[in-house]
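[1] Provided below for reference: sequence and predicted model.
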Amino acid sequence: MMASERRQAPRVTERVMLDLRDATAEFRAETNNLSTIGAYCTLDRFLPPMTKLQLQFELPDGQRRVRVRGEGVVVRVEPVIASAERGGYHVGIFFTEMTEHDRSAIARFVRQRLAARPSTP
(Lines give C-alpha, C1' and ligand atoms only; values in the text may rest on other atoms or scores of the structure.)
Protein backbone atom coordinates (compact mmCIF):
# COMPACT_ATOMS: atom_id res chain seq x y z
CA MET A 1 0.00 0.00 0.00
CA MET A 2 1.42 3.39 -0.97
CA ALA A 3 1.70 6.12 1.60
CA SER A 4 -0.50 9.06 0.74
CA GLU A 5 0.79 12.61 0.77
CA ARG A 6 -0.23 14.23 4.06
CA ARG A 7 0.34 17.84 3.03
CA GLN A 8 -2.81 19.90 2.81
CA ALA A 9 -1.36 22.89 0.95
CA PRO A 10 1.41 23.46 -1.56
CA ARG A 11 4.57 24.78 -0.01
CA VAL A 12 7.66 26.47 -1.31
CA THR A 13 11.23 26.23 -0.05
CA GLU A 14 11.98 29.85 0.68
CA ARG A 15 13.88 31.88 3.27
CA VAL A 16 11.63 34.44 4.94
CA MET A 17 12.36 36.13 8.26
CA LEU A 18 9.56 35.73 10.80
CA ASP A 19 9.08 38.01 13.80
CA LEU A 20 7.64 35.82 16.55
CA ARG A 21 6.35 36.46 20.04
CA ASP A 22 5.27 33.97 22.67
CA ALA A 23 3.94 34.75 26.16
CA THR A 24 7.38 35.85 27.42
CA ALA A 25 9.67 37.03 24.60
CA GLU A 26 10.08 38.32 21.06
CA PHE A 27 12.50 36.63 18.66
CA ARG A 28 13.19 35.94 14.99
CA ALA A 29 13.20 32.78 12.92
CA GLU A 30 14.04 31.97 9.30
CA THR A 31 11.68 29.78 7.30
CA ASN A 32 12.88 26.68 5.48
CA ASN A 33 9.53 26.43 3.72
CA LEU A 34 6.19 28.18 3.77
CA SER A 35 2.57 27.43 2.86
CA THR A 36 -0.81 29.02 3.49
CA ILE A 37 -1.31 26.82 6.56
CA GLY A 38 2.10 26.98 8.19
CA ALA A 39 5.86 27.39 8.18
CA TYR A 40 8.80 25.14 8.91
CA CYS A 41 11.61 27.25 10.30
CA THR A 42 14.88 27.32 12.19
CA LEU A 43 15.12 28.81 15.68
CA ASP A 44 18.00 29.24 18.08
CA ARG A 45 15.79 28.41 21.08
CA PHE A 46 13.56 25.56 22.19
CA LEU A 47 9.81 26.10 22.04
CA PRO A 48 7.67 23.31 23.44
CA PRO A 49 4.97 21.84 21.21
CA MET A 50 1.63 23.66 21.51
CA THR A 51 3.34 27.01 22.26
CA LYS A 52 1.08 29.78 20.97
CA LEU A 53 2.80 32.45 18.88
CA GLN A 54 2.02 35.85 17.43
CA LEU A 55 3.77 36.18 14.09
CA GLN A 56 4.42 38.67 11.35
CA PHE A 57 6.56 38.73 8.23
CA GLU A 58 6.85 40.45 4.88
CA LEU A 59 6.56 38.90 1.43
CA PRO A 60 7.47 40.44 -1.92
CA ASP A 61 4.41 41.02 -4.12
CA GLY A 62 5.43 42.56 -7.42
CA GLN A 63 7.08 45.90 -6.75
CA ARG A 64 5.84 46.11 -3.16
CA ARG A 65 6.06 44.14 0.03
CA VAL A 66 3.03 42.76 1.87
CA ARG A 67 3.03 42.47 5.66
CA VAL A 68 1.40 39.27 6.92
CA ARG A 69 0.22 38.92 10.52
CA GLY A 70 -1.38 36.09 12.40
CA GLU A 71 -1.23 33.55 15.17
CA GLY A 72 0.16 30.06 15.17
CA VAL A 73 1.01 27.11 17.33
CA VAL A 74 4.17 24.99 17.45
CA VAL A 75 3.28 21.53 16.16
CA ARG A 76 6.74 20.01 15.72
CA VAL A 77 10.23 20.51 17.23
CA GLU A 78 13.42 18.78 16.09
CA PRO A 79 16.87 19.55 17.56
CA VAL A 80 19.58 20.41 15.03
CA ILE A 81 23.29 20.38 15.82
CA ALA A 82 24.95 22.93 13.55
CA SER A 83 28.33 22.68 15.28
CA ALA A 84 29.83 21.93 18.70
CA GLU A 85 29.19 25.55 19.74
CA ARG A 86 25.91 26.12 18.01
CA GLY A 87 22.68 24.20 18.01
CA GLY A 88 19.16 25.07 17.05
CA TYR A 89 15.73 23.68 16.38
CA HIS A 90 13.62 23.05 13.32
CA VAL A 91 10.11 24.06 14.29
CA GLY A 92 6.82 23.49 12.51
CA ILE A 93 4.28 26.26 13.07
CA PHE A 94 0.63 25.77 12.13
CA PHE A 95 -1.18 29.05 11.38
CA THR A 96 -4.28 29.10 13.60
CA GLU A 97 -5.55 32.66 13.06
CA MET A 98 -5.00 34.75 9.95
CA THR A 99 -7.15 37.03 7.84
CA GLU A 100 -8.21 35.81 4.43
CA HIS A 101 -6.28 38.76 2.95
CA ASP A 102 -3.04 37.60 4.60
CA ARG A 103 -3.59 33.95 3.63
CA SER A 104 -4.21 35.09 0.05
CA ALA A 105 -0.91 37.01 0.07
CA ILE A 106 0.91 33.80 1.10
CA ALA A 107 -0.96 31.80 -1.56
CA ARG A 108 0.09 34.31 -4.27
CA PHE A 109 3.70 34.18 -3.06
CA VAL A 110 3.75 30.34 -3.06
CA ARG A 111 2.14 30.16 -6.54
CA GLN A 112 4.62 32.69 -7.97
CA ARG A 113 7.63 30.86 -6.52
CA LEU A 114 6.40 27.44 -7.65
CA ALA A 115 5.68 28.75 -11.18
CA ALA A 116 9.18 30.24 -11.41
CA ARG A 117 10.93 26.97 -10.62
CA PRO A 118 11.63 24.29 -13.21
CA SER A 119 9.82 21.08 -12.44
CA THR A 120 11.96 18.12 -11.38
CA PRO A 121 11.17 14.49 -12.13
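    Ah, there it is.
[2] State the helix or strand in which the residue minimising distance to the centre of the chain lies.
    A centroid search over the chain (C-alpha atoms, centre = their mean) returns residue 39, at 1.9 Å, as the residue closest to the centre. Using DSSP states H and E, residue 39 sits within strand 38-43.
[3] buried residues in that strand?
    For strand 38-43, the neighbour count (16 or more other C-beta atoms under 10 Å) marks 38, 39, 40, 41, 43 as buried. (C-beta placed from N, C-alpha, C; glycine too.)
[4] could you list every residue that touches the last one?
    Which is residue 43. Residues near residue 43 by C-beta atoms under 8 Å, 6 or more residues apart in numbering: 27, 29, 88, 89, 91.
[5] how near is it to residue 116?
    From residue 43 across to residue 116, the span is 28 Å (C-beta to C-beta, to the nearest Å).
[6] Please report the distance of the nearest residue to residue 98 once chain neighbours are set aside from residue 79.
    Among residues not flanking residue 98 along the chain, residue 70 sits closest, at 3.4 Å (C-beta to C-beta, 6 or more residues apart in numbering). With distances taken as C-beta to C-beta, residue 70 is found 26 Å from residue 79.
[7] Name the surrounding residues that touch the strand or helix carrying residue 108.
    Assigned by DSSP H and E, residue 108 belongs to helix 100-116. Around helix 100-116, the neighbours that count as contacts under C-beta under 8 Å, 6+ apart are 9-12, 14, 34-36, 59-61, 66, 68-70, 95.
[8] ok, now stretch 77-93?
    29, 32, 38-49, 53, 55, 72-76.
[9] So which residues of the protein form strands?
    Ranges of strands in the chain, per DSSP state E, are 11-13, 17-21, 26-35, 38-43, 52-61, 64-81, 87-97.
[10] Give the buried residues for stretch 12-28.
    12, 16, 18, 20.
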